[in-house]
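Enquirer: missing the sequence, but the structure's below:
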Ligand code: NDP
């Protein structure tokens, strides 16, 4: 057992409700490592300084969350392929030459939750993604790779131009296209992912009854202590297979933990622990 306590943190603004410290401490306990993981609220104009100080003072690794993922990307000297594809980073560390290295584990986190925890295949599936923000940019590469380009992916977004740009940038990897919302096809999808942040303001994005088949899985990247507005809309339409993004959160954290500690923690017990914590929590986290 390693007896040195290494320091990690998540930086964001706001950051109060982040579950990351609890998740990483649960991983560390499970694999018998000593770490200290904290939340750091960073001023909107203070990211570069906060990151440099953290590592200069001996910090070992950082997670980066809203609204800093793209800014952190621009500060890195080295980027993994998946970070480059996402154009954003959520995991940072210093290499032996004290250069800032960035990775993005969000896409892998969602992929693992869907395929391993929820047994959803992606190959040859019809997939509808609602939203075209930073998170979607991070998941498209892993999705298209996992399905070896055989999935059909439609992106719909409130601002059509952003969806069209993403589809254009990823179309060399597979069958991906975008449409204006009012031209959305009235056909069923196997998997519908809500990657908009509308749930954070209590709203649900459009969910047409024609998109739902008995087997359709509806996944909301947002999570909380009760059914999100999108999952409530899915429930009203009789969707049985509906899940929030807590599993994704734990899976992306596990991938970051493994990068830092070279040990892959088990996620199922931590997802259960976080769900229990959330059910006792009075507010969305
Ligand atoms: P961005 O801010 O980059 O993008 C937000 C997206 O939501 C845009 O497509 C935006 O559309 C759309 N949107 C916002 N409000 C509405 C609304 N009222 N109606 C319809 N569409 C709306 O956010 P991210 O891509 O980084 O994150 C998206 C969501 O995923 C967030 O809620 C975030 O918390 C969650 N997330 C969860 C993770 C997890 O581990 N579970 C990891 C990463 C993200 P427009 O382009 O028109 O503005």
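Expert: On my side now, so go ahead. In this text, all values refer to a predicted model and were calculated from it rather than measured experimentally.

Enquirer: alpha carbons only for contacts and neighbour counts from here, please
Expert: Noted.

Enquirer: Show me where the chain dips below the pLDDT cut-off.
Expert: Within the chain, the stretches with pLDDT under 70 are 1-3, 282-285.

Enquirer: Report the contact partners of the most centrally placed residue in it.
Expert: Central residue of the chain (CA atoms, centre = their mean): residue 106, 3.6 Å from the mean position. Applying CA atoms under 8 Å, 6 or more residues apart in numbering, we find residue 106 in contact with 90, 135, 138, 139, 248, 249, 252.

Enquirer: how about a cut-off of 10 Å?
Expert: When the contact criterion is CA atoms under 10 Å, 6 or more residues apart in numbering, the partners of residue 106 are 82-83, 86, 88-91, 112, 135-139, 142, 248-253, 255-256.

Enquirer: Equivalent analysis for residue 70, please.
Expert: Residue 70 neighbours (CA under 10 Å, 6+ apart): 64, 83, 86, 87, 88, 89, 90, 134.

Enquirer: Any idea how many residues pack against the second one?
Expert: Going back to what we said before, that points to residue 83. Residue 83: 23 surrounding residues under other CA atoms under 10 Å.

Enquirer: tell me which element it is part of?
Expert: Using DSSP states H and E, residue 83 sits within helix 81-86.

Enquirer: tell me which residues in that helix are buried?
Expert: 82, 83, 84, 85, 86 (16 or more other CA atoms under 10 Å).

Enquirer: among these, which are in reach of the ligand?
Expert: On the criterion CA under 6 Å from any ligand atom, none of the entries of these sits beside the ligand.

Enquirer: which among the residues you listed gets closest to the ligand?
Expert: Set against the ligand, the nearest of those by CA to the nearest ligand atom is residue 86 (10.5 Å).

Enquirer: give me every residue that touches the closest residue to that closest one other than its chain neighbours.
Expert: Of all residues not flanking residue 86 in the chain, residue 138 sits nearest, at 4.2 Å (CA to CA, 6 or more residues apart in numbering). Going by CA under 10 Å, 6+ apart, residue 138 touches 82-89, 104-108, 110.

Enquirer: now residue 47
Expert: Per CA under 10 Å, 6+ apart, neighbours of residue 47: 11, 12, 41, 64, 68, 71, 72, 75.
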